[in-house]
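>>> Predicted model and sequence follow; I will ask about them next.
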Amino acid sequence: EEEEEEEEEVTARRPSHWVSMGSEAEVDAGIWQFTRPPINFLVSRRRRYFGAPVELADRTEPVVEVEEGRDAPEGPPPRVDAIEWRTVEVEEDDPTPVYRRQMDRGSQAVAETVVAAAQTTWRPKRNRAIQYEALTKSSSAGPDADGITPLDSRLSAAKLKEAREAAVAEAARVAAEQESKLAEFLRTVYPTVQAALDENEYLGLFSDDFGLLLEETKEPVLLSQEQSTLQEHQSFKYVDTPFDDAVSCVAWHPTLPDIFAVALTRRDTFSQRVEHTLKGTPGMVAVWNMLSPIEPRLLLKAPEEILWVEFCPTCPSLVAGGCVNGQLVVWDISKTLMAALSEKMTSSNDGNDMFNDSDRQVPVVQHVLSSSIEHSHGSAVTQIMWVPAGLDLSKSGRPQPQPEGTKPECVQLLTLAADTTMLLWDLRPDKMKFSLANLKMLDLVWRPLFKIFIAQLPDETADNGGVRFVARPLSKKVVEGEEDDAMQTMVFIGTERGNLLYMDWRAKELDNGKLGVQEVERGMMTHAGPVSALRRSPFIEDLVLSVGGMGITVWKEGLWAGPILTASTAGQVRATAAEWSPTRPGVFFVGKADGTVDVWDLMDTTYVPALVVNICSPVAVCQFEAQRCNAKVSKPYVAVGDDNGVVHVMEVPPGYATAGANEADRLHTFVEAEAHRLEYVAKRMEHRAAQKKKGGTTTVDDGGEAAGADGEADPEAVAEAKLRVEVDEMLGQYRDQEKAFLESVGLYVPEPEQEPDD
């Protein structure tokens with residue numbers, strides 16, 4: 001009989017409340033957690049390895065056999081990149097070798113010996129004798145022939161007092177006589193000493209006579225190594241920042257030669273900067289005094305990090321700064337700077353601290369004016385320029401003189417950003433009279449007067465984000481029509497793609513009377529990287545220095561056949577900054593990413609730098625700014641900012657600070673010669689291209705005239721033939737003069753005549 005299976009009733013178990021027994025602590029302890037911030041690596045390779053040819057071939061590598069249970073032999077096999085290892089079984093009867101080493105060593109103990117000698121010096125003996133006898137006098141004897149009284153005689157008290165008074169009177173008489181002689185001597189030499197002291201005060205007692213000789217002669221003089229290299233005068237570093245910062249800009253005060261401002265930015269990667277952008281990072285500009293390198297005189301606070309800072313030329317109390325978010329801010333330091341320079345900073349800033357440090361003693365200045373975010377740039381402001389005093393730019397970009405009866409002031413600014421635009425700003429609300437009190441009326445509602453668009457090049461599709469620009473110096477005489485300058489409103493713009501653009505910032509009028517968009521007249525592919533510096537020569541306005549990637553170019557405005565100078569940095573290192581010398585027309589400086597500075601002297605050489613100076617290696621040089629102060633300075637200085645936030649103030653040596661005789665004229669002659677050469681090469685290339693297109697070549701007829709494919713005379717070829725004849729004539733004259741000179745000094749050796757061949 002089949003047993004009937006009994007069905008069991010199963011009831012669902014209700015979940016009970018979980019009680020912690022400490023297991024979650026063990027789970028958390030087993031989870032791996034970060035104990036330190038991650039380490040960032042940058043893997044790169046040298047530029048010359050890119051695109052290098054590679055040869056691939058099969059190789060037969062040797063095989064190294066290793067017995068089982070033993071280690072591989074020590075030391076890598078010679079000239080083997082990859083080794084195949086095999087295991088070999090060990091036979092049982094094979095005994096294990098025992099390696100023994102023998103060494104013979106000997107030692108010997110030798111007592112130290114010292115050889116010394118002593119000798120007594122014996123003087124030679126002489127037969128000599130001396131006799132003496134004491135002299136005595138009796139008490140009864142009177143004075144002798146010399147008037148000396150006997151020794152046992154005594155003076156009375158009255159005579160002793162009288163003798164003392166006589167001695168005192170004699171001493172007073174002698175002192176008075178000496179004083180009269182000293183007074184007479186001082187009266188005699190006073191004019192000469194006074195003239196010598198005045199001369200030392202005016203001329204300088206410790207001045208360098210050879211340096212003064214260099215300034216007077218204006219001729220090349222042999223200098224020592226210290227006089228021909230950049231010497232560090234002082235370094236400045238603000239250490240009270242909570243992050244690692246780098247120098248983004250350095251600006252010198254236009255009237256006070258010892259004051260300069262330094263803008264600092266964080267050294268973040270792209271991901272870190274994106275993270276900090278959401279939180280907001282306050283900007284900071286430190287104002288330093290060269291006489292106090294311990295701490296800055298002022299701290300200028302901004303809503304965002306500052307990439308460019310510039311003092312107003314006519315009103316130095318105004319400082320303009322460009323932010324990372326595209327805003328433009330202005331500070332007023334008229335009261336705070338003078339107080340900081342005259343008083344010691346011993347009081348705190350009353351809680352007005354940008355980093356929540358109540359013990360900070362450096363005054364912090366808030367900005368008085370900031371632009372509207374909606375009407376500012378769409379990306380970081382990369383450069384600021386003040387419009388010269390006495391001039392205004394209209395809404396179409398045309399320069400015009402300021403109204404008569406007003407004081408010439410710098411009231412307008414030009415800003416450049418990577419959003420392909422340039423903006424013009426005016427500090428006067430609704431064209432009111434300029435005053436510092438009216439600046440607060442524009443805070444957060446400040447809008448640009450007009451916008452300049454940077455167009456794309458015809459053969460490019462990407463936008464030309466501006467990095468640096470340089471405009472031609474505006475002149476009031478040109479604006480008023482007293483002088484003619486067609487390039488008054490032209491501007492060079494360096495882009496992130498390494499292009500150099502040349503355009504007019506004025507908007508062209510259309511047929512319907514409206515204003516159009518600016519057009520790029522010239523576009524040059526100059527550098528293999530972003531343009532890091534763009535400077536105009538202070539001596540020759542047509543020369544523009546452009547630096548980017550590893551290339552250095554010097555352009556002449558109006559000459560588009562090519563650059564006047566094309567070179568690369570020493571050591572093929574990326575160039576990061578550049579600046580013209582403020583005192584010598586033919587000298588400029590180039591800062592590099594390895595912490596060195598190339599000093600170029602066009603009067604000496606044009607293909608290699610004349611000097612390479614180590615400033616902050618291996619830290620990169622970020623900014624290079626020369627001192628351009630209206631006040632007369634004894635020594636020129638240049639400020640070099642590095643990637644660690646340190647500003648090195650370097651003293652320019654006399655060899656690169658003092659211009660030679662007619663150096664500006666010689667540089668102008670060099671530029672004109674190079675311009676003529678470039679124009680000639682461009683014409684010849686066009687001529688050759690036209691001939692190649694026609695399918696003919698240039699020939700020379702029997703009469704020596706150059707003719708083309710159609711038989712007509714070629715004027716350029718004729719000029720070349722004439723030049724060749726002139727060179728041959730000059731060479732013959734030189735050889736005749738050389739022969740006459742050698743004959744006059746008796747060194748001429750006639751050349752042997754060659755025998756005719758049979």
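Looks like it came in fine.
>>> show me where the stretch 101-250 of the chain has helices.
Assigned by DSSP state H, counting those that start in this stretch, the helices in the stretch 101-250 of the chain fall at 157-203, 209-217.
>>> Pull the distance from the longest one to the chain's centre.
With CA atoms, centre = their mean, to the nearest Å as the basis, helix 157-203 stands 61 Å off its chain's centre.
>>> try stretch 257-264
Mean-position distance between stretch 257-264 and its chain equals 14 Å (CA atoms, centre = their mean).
>>> any idea of the mean pLDDT for that stretch?
Average pLDDT, stretch 257-264: 92.
>>> burial measure for residue 175, as a count.
10 (other CB atoms under 10 Å). Any C-beta I mention is one placed from the backbone N, CA and C, and that applies to glycine too.
>>> An error on my part: the question was meant for residue 244.
For residue 244, the number of neighbouring residues by other CB under 10 Å comes to 12.
>>> That one contacts residue 265, doesn't it?
No: Residue 244 is not in contact with residue 265 according to CB atoms under 8 Å; the separation is 10.2 Å.
>>> Pick the most deeply packed of the helices of the stretch 101-250 of the chain.
helix 209-217 (a mean of 13; mean count of other CB atoms under 10 Å).
>>> With just CA atoms, put stretch 19-38 into CSV.
Output of stretch 19-38 as CSV, limited to C-alpha atoms (Å, rounded to 0.1, in the frame of the first residue of the first chain):
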residue,chain,number,x,y,z
VAL,A,19,20.5,44.5,14.8
SER,A,20,24.0,45.8,14.3
MET,A,21,26.6,43.4,15.7
GLY,A,22,29.7,45.4,14.5
SER,A,23,30.1,43.7,11.1
GLU,A,24,29.6,46.9,9.2
ALA,A,25,32.8,48.3,10.8
GLU,A,26,34.7,45.3,9.5
VAL,A,27,33.3,45.8,6.0
ASP,A,28,34.3,49.5,6.1
ALA,A,29,37.8,48.6,7.3
GLY,A,30,38.2,46.3,4.3
ILE,A,31,37.3,48.9,1.8
TRP,A,32,40.3,50.6,0.1
GLN,A,33,40.2,54.3,0.6
PHE,A,34,42.3,57.2,-0.7
THR,A,35,45.0,58.3,1.9
ARG,A,36,46.6,61.0,-0.3
PRO,A,37,45.8,63.1,-3.3
PRO,A,38,46.4,61.3,-6.6
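>>> which parts of it are buried?
Neighbour-count burial for stretch 19-38 flags no residue at all (criterion: 16 or more other CB atoms under 10 Å).
>>> Then stretch 675-682?
Buried residues in stretch 675-682, counted by 16+ other CB under 10 Å: 675, 678.
>>> which residues sit against it?
556, 559, 561, 562, 564 (CB atoms under 8 Å, 6 or more residues apart in numbering).
>>> Roughly how far does the second one sit from residue 591?
The reference is to residue 559. Going from residue 559 to residue 591 by CB to CB, to the nearest Å gives 27 Å.
>>> Counting neighbours around each, name which of the two comes out higher.
Counted by other CB under 10 Å, residue 559 and residue 591 do not tie: residue 591 has more neighbours, with 29 against 17.
>>> returning to that earlier point: of all the helices of the stretch 101-250 of the chain, which lies closest to residue 35?
helix 209-217 (59.3 Å; CB to CB).
>>> Restricted to strands, list the contacts of stretch 675-682.
Here DSSP state E is the test, and those give residue 556 as lying in strands.
>>> and of the contacts of stretch 675-682, the nearest to residue 517?
Taking CB to CB as the measure, residue 517 lies nearest residue 559 of those, at 26.7 Å.
>>> any idea how far the closest residue to the closest one other than its chain neighbours lies from residue 740?
Distance criterion CB to CB, 6 or more residues apart in numbering; nearest residue to residue 559, sequence neighbours excluded, is residue 675 at 5.1 Å. Separation of residue 675 from residue 740 (CB to CB): 38 Å.
>>> wait, is the residue nearest to residue 559 part of a helix?
Yes: counting by DSSP: H, G, I helix; E, B strand; the rest coil, residue 675 is located in a helix.
>>> okay, and for the stretch 51-200 of the chain, where does confidence drop off?
Within the stretch 51-200 of the chain, the ranges that satisfy pLDDT under 70 run 57-101, 103, 132-156.
>>> low-confidence ranges in the stretch 201-350 of the chain?
In the stretch 201-350 of the chain (pLDDT under 70), the answer is 202-227, 278, 342-350.
>>> now do 80
201-228, 242-243, 270, 273-281, 338-350 (pLDDT under 80).
>>> now the strands for it?
Taking DSSP state E, counting those that start in this stretch, the strands of the stretch 201-350 of the chain run over residues 231-237, 245-252, 259-266, 283-289, 298-302, 306-311, 318-323, 328-332.
>>> same question, the stretch 501-650 of the chain
Ranges of strands in the stretch 501-650 of the chain, per DSSP E, counting those that start in this stretch, are 520-525, 531-536, 543-548, 551-556, 565-568, 575-580, 587-592, 596-601, 611-614, 621-626, 637-642, 646-651.
>>> Out of the strands of the stretch 201-350 of the chain, which one sits most buried?
When these are compared using mean count of other CB under 10 Å, strand 318-323 is most buried, at a mean of 27.
>>> picking up where we left off before, Serialize the strands of the stretch 501-650 of the chain to JSON lines and add fields for distance to residue 395 and mean pLDDT.
As requested, the strands of the stretch 501-650 of the chain are exported to JSON lines (distance: least, CB to CB, whole Å; pLDDT from 0 to 100):
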{"stretch": "strand 520-525", "distance to residue 395": "21", "mean pLDDT": "87"}
{"stretch": "strand 531-536", "distance to residue 395": "26", "mean pLDDT": "94"}
{"stretch": "strand 543-548", "distance to residue 395": "28", "mean pLDDT": "94"}
{"stretch": "strand 551-556", "distance to residue 395": "30", "mean pLDDT": "94"}
{"stretch": "strand 565-568", "distance to residue 395": "39", "mean pLDDT": "92"}
{"stretch": "strand 575-580", "distance to residue 395": "33", "mean pLDDT": "94"}
{"stretch": "strand 587-592", "distance to residue 395": "37", "mean pLDDT": "93"}
{"stretch": "strand 596-601", "distance to residue 395": "41", "mean pLDDT": "92"}
{"stretch": "strand 611-614", "distance to residue 395": "47", "mean pLDDT": "90"}
{"stretch": "strand 621-626", "distance to residue 395": "32", "mean pLDDT": "92"}
{"stretch": "strand 637-642", "distance to residue 395": "37", "mean pLDDT": "93"}
{"stretch": "strand 646-651", "distance to residue 395": "39", "mean pLDDT": "93"}
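>>> Export these to CSV and append columns for distance to residue 50.
Output for those, formatted as CSV (distance: least, CB to CB, whole Å):
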stretch, distance to residue 50
strand 520-525, 19
strand 531-536, 21
strand 543-548, 18
strand 551-556, 16
strand 565-568, 16
strand 575-580, 19
strand 587-592, 20
strand 596-601, 24
strand 611-614, 25
strand 621-626, 25
strand 637-642, 28
strand 646-651, 33
